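A.B. asks: A predicted structure for the sequence below; I have some questions about it.
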Amino acid sequence: MTAAPASFTRRTPVRERLVEAFLALSAAIGILTTVGIVAVLVFEAVEFFREVPLLEYLTGTVWSASIKPFRFGVLPLVTGTLLVAGLALLIAIPLGLVSGIYLAEYASPRIRTVLKPLLELIAGIPTVVLGFFAINFISPILLKSLVPGIGGFSVLAGGIVVGILVTPLIASLSEDALRAVPRSLREGAFAMGATKFEVVRRVVVPAALSGIMASIILAMSRAVGETMAVVLAVGANPQLTLDIRESVQTMTAFIVQISLGDTPAGSLQFKALFAVGATLFLMTLALNLLSDRVVARFRNRY
Amino acid sequence: MTAHPAGPVAAPAAAAPRFEPSLMRRKLAGTVFLGVCLLAVGLLLLTLAVLLWDILSRGVPWLDAQFLTSGPSRRAARAGVLPALVGSIEIALLVALITFPVGVAAAIYLEEYATDGRINRLLRTNISNLAGVPSIVYGIFGLALFVRGLGLGFTLLAGALTLSLLILPVVIIASMEALRAVPHAQREAAFALGGSRWQVVRGSVLPAAAPGILTGIILAMARAIGETAPLILVGAVTFVTFLPNPIASGYTVLPIQIFQWAGDPREDFQSLAAAAITVLLVLMFVLNALAIVIRARLSRHLTW
C-alpha cells in the first residue's frame, strides 16, 4: 500500500479537533453562565446573611431598606410578587386557555394565519411599553373610573398588565399541546356521537392537560420574574397587604430601585439586592423545574 | 375488550359525567362556548388595539426631526431620542456580533457533533433552563461579572455582553432548529464525497440552514432592543446628551429613556414616552420585516 499524502492523514485531524474543541467550548458557555449566576448570587447573598440572620430575612414582615431603622424581612416583597403574579394568572389562565382552544380546535386556517401573528405581536411588546400602558391608561383611565379608592399605583394595575403579558404564552403553549393530541382520539369521540364541544371538553383538553399545566407554570414563572411593567404599575411601597388596590413592591421592583439610586457597592442595601435576586432565582428555578416535571410525568404517549 | 355483565349502558368509569339526553341542549352548550371563545379573542384584540391607539395617538404628533435629532432635556419641547436611538442600535449590533459566532457554534456542536451522552443532555437541558431565568437576574450577573469583575465599568460594552448572555439561549435554540430541519440526505451526500465532519457542516449543512439561523438572530436582536431591566443594573443612565462610545462610561437606550419619561407624571413627558415607544416599535417592526424578507429570499432556491 502506498502511503496517503501526509497532509491527508496527519493535518486534517488536528484541524478537525481544533474546530470541535471550539464548538464544544461555545456549547459550554451555557453551563458557565449557570454556574456563574449561582456563584455570584450565593457569594454575595452569604455576605448579606452574615449581617442579617437568614431566619429574620425569611420570616420578617417589615422591609425597610432605605429608611432607618433598616429592616430586612422579605415577606412583604414575596407576598407583593405573588399577589401580582396570582392576579395576572387569574386573568391569563381563562383568557389564554380559551384562546388556545379556539386557535387549535375552532379557528379556520384563514383566521389562524391572521390571529397567530397578532398574538405574537402582543407577546413581543417590550415590557416597559406595557408599564407605560399601565401608568398612562389602565390606572388613570380604566381603574380610576371602575374601582373606588384606587391609587395611581396598585397591585390590580400590575396584575392586569402582567396578565396581558403572559396570556399569549399560555395561549400558544396550550395550543401546541392541544394540536399534539392525535386525530384518532377526536374521531373516536365523534363516532360515539359526541358534539364538537363534548369532544373538546371531555377528550382533547384532558389529553393535553400536562402541556396546559406546564404552560400555566411557565406563565407563573414569567410573571414572578417580570420587572419593568411591574415597577411602573405597582410602585415601590413594600407592605404586607392583601388589598389589591394598594401599592406594594415586588422583588424585581426592589432590585430596580436599589440599582437606580446611588447605593454604594458594599453597603447592606447593595448586598440585599443579591439576597433578593437569589430568592427570585430560586423561585423561578423551582417553577421551571416543576413545569419540566409535569410535562415528563403526566405526558400521555400515543 | 371484556364483556360487561351489566350491559353497555350501566356502568362506565365511575368518574364519567352524567349524560345529557337532549341533543339541543348539548349543542347549545357548544354554541355558548364558541361565544366565550370569540369573546376572549375579541378582548385580546381589543386590548392590543387600545394599547396601540393610546401610544400612537399620543406619540406620533411628537415625532419630528427635532425629536429624532436631539438629546433629552428638562424641557419637554426640546427633548429628543437621538442618544437613546443610537445606543439601542449600537447595542443590538454588538449583541448580534457576539451571539452570532458563539450561538451558531454551540448549536452546531449540539446538533452535529454531540452524541447522546449524559454531558450533552445536561448541556441541552441547561440551555432551556437558562431561557427561563428572569432577565433581571442576568443583570445582577452582568453587574458582578462584566462591570465589576472584569472592570468594564458602566459601559455600553458591558451592557451588550450582559444582553448577549441573555439572548444566547434564544439564538442557540433557533439555530438548532434550523440545523435540524436540514434533511439527512444532504449530509450523507457530502460525507459520500469524502468530506470530513467539519467540511460537511461548513460546506453543506450550514448554507442550507443559513436562512433559519439568520432569521433567529434578527429576531433575537429585536428582543434585545426591547430589554430594559438588565440594563438598569449594568448602568444605562437616563440622562445622556452625547452619542455613546462603546467603551466610555455613560450610555442610554430607548427602553431606559421610555422608562424615565413614563415615570414623569407631567403630560408632555407622557407624550415623549409615547413618541419614544413609537420609535422603538418601528425599529422592532423593521427588524421583523427584515427577518421575513431574508427567510423568503434565501430559502427560494432550497426546495425539499
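C.D. replies: Thanks, I have the structure now.

A.B. asks: Touching, A:Ala265 and B:Arg148? I think so.
C.D. replies: Yes - at 7.3 Å, A:Ala265 and B:Arg148 qualify as touching, with contact defined as Cβ atoms under 8 Å. Glycine gets a C-beta too; all of them are placed from N, C-alpha and C.

A.B. asks: Show the residue spans covered by the helices in the stretch 151-300 of chain B.
C.D. replies: In order along the chain, the stretch 151-300 of chain B carries the following helices (DSSP state H, counting those that start in this stretch): B:156-180, B:184-192, B:197-200, B:206-226, B:229-233, B:254-262, B:267-298.

A.B. asks: and the nearest residue to B:Trp62 once chain neighbours are set aside, what is it in contact with?
C.D. replies: Spatial nearest neighbour of B:Trp62, chain neighbours left out: B:Ala275 (3.8 Å); criterion: Cβ to Cβ, 6 or more residues apart in numbering or on different chains. With contact set as Cβ atoms under 8 Å, 6 or more residues apart in numbering or on different chains, B:Ala275 has these partners: B:Arg58, B:Gly59, B:Val60, B:Trp62, B:Leu63, B:Phe67, B:Val81.

A.B. asks: so which of the residues you listed comes closest to chain A?
C.D. replies: The closest of those to chain A turns out to be B:Arg58 (Cβ to the nearest Cβ; 7.8 Å).

A.B. asks: Could you give the number of residues near the residue lying closest to A:Ala24 once chain neighbours are set aside?
C.D. replies: The shortest distance from A:Ala24 to any residue other than its chain neighbours is 5.4 Å, reached at B:Tyr109 (Cβ to Cβ, 6+ apart). B:Tyr109 has 25 neighbours, counted by other Cβ atoms under 10 Å in any protein chain shown.

A.B. asks: Quick check, the residue in chain B closest to chain A?
C.D. replies: Taking Cβ to the nearest Cβ, chain B has B:Pro134 as its residue nearest chain A, at 2.6 Å.

A.B. asks: Isn't that residue up against A:Leu280?
C.D. replies: Yes - contact between B:Pro134 and A:Leu280 holds when scored by Cβ under 8 Å: they sit 6.3 Å apart.

A.B. asks: quick one: the strands in the stretch 51-200 of chain A?
C.D. replies: A:63-64, A:71-72 (DSSP state E, counting those that start in this stretch).

A.B. asks: Tell me which of A:Ala265 and B:Arg148 has more neighbours.
C.D. replies: Neighbour tally, A:Ala265 and B:Arg148, criterion other Cβ under 10 Å: the higher count belongs to B:Arg148, 15 against 10.

A.B. asks: how about that one, what does it touch?
C.D. replies: Taking Cβ under 8 Å, 6+ apart as the contact definition, B:Arg148 lies against A:Ala265.

A.B. asks: Spell out the secondary structure type for it.
C.D. replies: The three-state assignment at B:Arg148 reads helix, by DSSP: H, G, I helix; E, B strand; the rest coil.

A.B. asks: ok so, going back, just the pLDDT for the residue nearest to A:Ala24.
C.D. replies: Among the per-residue scores, B:Tyr109 shows a pLDDT of 92.

A.B. asks: ok, now which ones touch it?
C.D. replies: Contact analysis of B:Tyr109 by Cβ under 8 Å, 6+ apart lists A:Glu20, A:Leu23, A:Ala24, A:Ser26, A:Ala27.

A.B. asks: Regarding the residue lying closest to B:Gly263 once chain neighbours are set aside, what is its secondary structure?
C.D. replies: Sequence neighbours aside, A:Leu232 is the residue nearest to B:Gly263 in space, at 6.7 Å (criterion: Cβ to Cβ, 6+ apart). Under three-state DSSP, A:Leu232 falls in the helix class.

A.B. asks: residues near the closest residue to the residue of chain B closest to chain A other than its chain neighbours, how many?
C.D. replies: Closest residue to B:Pro134 in three dimensions, ignoring its sequence neighbours and counting by Cβ to Cβ, 6+ apart: A:Gly225, at 2.6 Å. The criterion is other Cβ under 10 Å. On that basis, A:Gly225 has 25 neighbouring residues.

A.B. asks: quick one: contacts for residue 224?
C.D. replies: Just so you know, I chose chain A. The contact partners of A:Val224, taken as Cβ under 8 Å, 6+ apart, are A:Thr81, A:Leu82, A:Ala85, A:Met251, A:Leu280, A:Met283, A:Thr284, A:Leu287, B:Pro134.

A.B. asks: wrong chain, I was asking about chain B
C.D. replies: B:Ile91, B:Ala92, B:Val95, B:Leu163, B:Leu166, B:Ile167.

A.B. asks: can we see that at 7 Å?
C.D. replies: When the contact criterion is Cβ atoms under 7 Å, 6 or more residues apart in numbering or on different chains, the partners of B:Ala224 are B:Ile91, B:Ala92, B:Val95, B:Leu163, B:Ile167.

A.B. asks: re earlier: my guess is the residue nearest to B:Gly263 contacts B:Trp261, does it?
C.D. replies: No - because the distance of 11.0 Å does not satisfy Cβ atoms under 7 Å, A:Leu232 is recorded as not touching B:Trp261.

A.B. asks: Between those two, tell me which one has more neighbours.
C.D. replies: Higher neighbour count among A:Leu232 and B:Trp261: A:Leu232, with 30 against 25, using other Cβ under 10 Å.
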